[in-house]
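Trainee: structure for the following, please:
(2 chains)
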Protein chains: 2
Amino acid sequence: MPKALIFDVFGTLVDWRGSIARGLTPWIDGEAERLAFADAWRARYQPAMEAVRSGARPFVPLDTLHRENLDGVIEDRAAPIPEADRDQVNLLWHTLDGWADTAPGLARLGADFILAPHSNGNIRLMLDMARHNGWRWDAILGAETTGHYKPQPESYLGAARLLMLPPGEVMMVAAHNGDLAAAKACGLSTAFIPRPTEHGPGQTIDLTPEGDWDVVAADLGDLAAKLSA
Amino acid sequence: MPKALIFDVFGTLVDWRGSIARGLTPWIDGEAERLAFADAWRARYQPAMEAVRSGARPFVPLDTLHRENLDGVIEDRAAPIPEADRDQVNLLWHTLDGWADTAPGLARLGADFILAPHSNGNIRLMLDMARHNGWRWDAILGAETTGHYKPQPESYLGAARLLMLPPGEVMMVAAHNGDLAAAKACGLSTAFIPRPTEHGPGQTIDLTPEGDWDVVAADLGDLAAKLSA
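Mentor: Numbers count the residues shown, from 1 in each chain, chains lettered A, B, ... in the order given. As a prediction, the model looks like this:
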């Protein structure tokens, strides 16, 4: 049994796509265009982090990457978001809405386990999101505490080190098989929670577990039930 | 008005001296000797951190320094704590008891401000202490998130950077004038809460404010009242 659960956040705990699209309403007309904007913004996420992971640029927090990516998406799509509003738009990532099971699931899991986000999002982003959704974390871990973006091994091993636990007593909870594969390679325990609409109704990836994960659960409530069994 | 309050912990929020002495009961006879042991253990705290601050040794978390110091105190005082028990004794710092006003004061302040410990204690130590006392932090900041022990400027400026706030919107809350002086020199806002029995009934230091602090409050409830006025 794990002593601590660490969570992927974007996609696993929150509906980033729907939340960003809703937040863009004051600037962009039409739900389809807003969803497309959200997808395009998110599509720049991995390439931006890759510049840091590769060593091509020093570590910067995710807010910085999001802000740079925002300029790129606005230019690509000729979106009517004035320069003066862009810092505010960038903060939409701080108040993403959780999936329906997230808040009650975390409250239940928190009775038995140390809980921390292990996201590529920075500390302030994560604490704003926790306040927005009423979550209670024991600590905020993730990229900004280790200076390494997932899926770098230093990220997962750094979380275990900061928690003062052997990696096997730390369970990575994610909706993404790639995240879990990297965690497992570092010796962490793993739990897969499918989020089949993270990328919208036509999602084709991460619909099913693709590795020998320790737990596969339908949602966080199911995860709590399986870990207490 | 500040947007975030960051707290010194040992002494300001918890009674480390009384808690350590109580925790030593299985190993050391006599309250006076237990209090003297706690004082001697704590007396090694600043010199141990100074080795890190000076650059003489790389950053290590406070648990490591506490554990080394424990060996030294046991040897000095010929205390009957066997080697096999010492890791457990070292964890007494993780479950120090808060002063009576701390839990209700933090609960009240948390409604209006971002709250984080800004201690030299490491993340796991702080999260265990929060669970033990029923505190809710927005994030755990402090030495292990910046790699710098207070009162180094990088410590205070790092906290403001991680909170994405100008230093003046971050208030350092402490029972120690030296901590506040260092925070103020970095541009932080300051609040002094006297803890006149931190070092026992004969305490001679930090009984009164010794600087031009933004707020002086009798306890955390009084601080909440003064910040909401």
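Trainee: flag every buried residue along the longest helix anywhere in chain A.
Mentor: Longest helix in chain A, counting residues (DSSP state H): helix A:62-77. For helix A:62-77, burial by neighbour count (16 or more other Cβ atoms under 10 Å in any protein chain shown) applies to A:62-63, A:65-67, A:69-70, A:73-74. Where you see a C-beta, it was placed from the backbone N, CA and C, and this is true even at glycine.
Trainee: closest one of the residues you listed to chain B?
Mentor: Proximity of the buried residues of helix A:62-77 to chain B (Cβ to the nearest Cβ) peaks at residue A:63, which lies at 7.3 Å.
Trainee: report the contact partners of the closest one.
Mentor: The contact partners of residue A:63, taken as Cβ atoms under 8 Å, 6 or more residues apart in numbering or on different chains, are A:90, A:93, A:122, A:124-125, B:164.
Trainee: same thing but 10 Å
Mentor: Shown in contact with residue A:63 (Cβ atoms under 10 Å, 6 or more residues apart in numbering or on different chains): A:87, A:90-91, A:93-94, A:121-122, A:124-125, A:144, B:164.
Trainee: any idea of the mean pLDDT for the longest helix of chain A?
Mentor: The pLDDT scores in helix A:62-77 average 98.
Trainee: tell me the helix or strand right after it.
Mentor: Of the helices and strands lying after helix A:62-77 in sequence (DSSP states H and E), the nearest is helix A:86-90.
Trainee: for chain B, what are the nearby residues on chain A?
Mentor: A:4, A:61, A:63, A:91, A:94, A:110, A:114-116, A:122-128, A:130-131, A:136-141, A:144-145, A:147, A:161-165 (Cβ under 10 Å from any Cβ of the partner chain).
Trainee: phi and psi next, for residue A:192.
Mentor: Main-chain torsions, residue A:192, degrees, to the nearest 10: phi -110, psi 130.
Trainee: that one contacts residue A:222, correct?
Mentor: No. Counting by Cβ atoms under 10 Å, residue A:192 stays clear of residue A:222, with 11.2 Å between them.
Trainee: spit out the residues that contact these two alike.
Mentor: Joint contacts of residue A:192 and residue A:222 (Cβ under 10 Å, 6+ apart) are A:215-216.
Trainee: and these two? Which one has more around it.
Mentor: residue A:192 (24 against 15; other Cβ atoms under 10 Å in any protein chain shown).
Trainee: residues contacting the more buried one?
Mentor: Contacts of residue A:192 (Cβ under 10 Å, 6+ apart): A:12, A:172-177, A:179-180, A:206, A:208-211, A:213-217, A:223.
Trainee: at 6 Å what do you get?
Mentor: A:209, A:213, A:216 (Cβ atoms under 6 Å, 6 or more residues apart in numbering or on different chains).
Trainee: repeat for residue A:20
Mentor: By Cβ under 6 Å, 6+ apart, the contact set of residue A:20 is A:38, A:92.
Trainee: quick one: the helices in chain A?
Mentor: Counting by DSSP H, chain A has these helices, from start to end: A:16-23, A:31-43, A:45-53, A:62-77, A:86-90, A:102-109, A:123-133, A:143-146, A:153-163, A:177-185, A:220-228.
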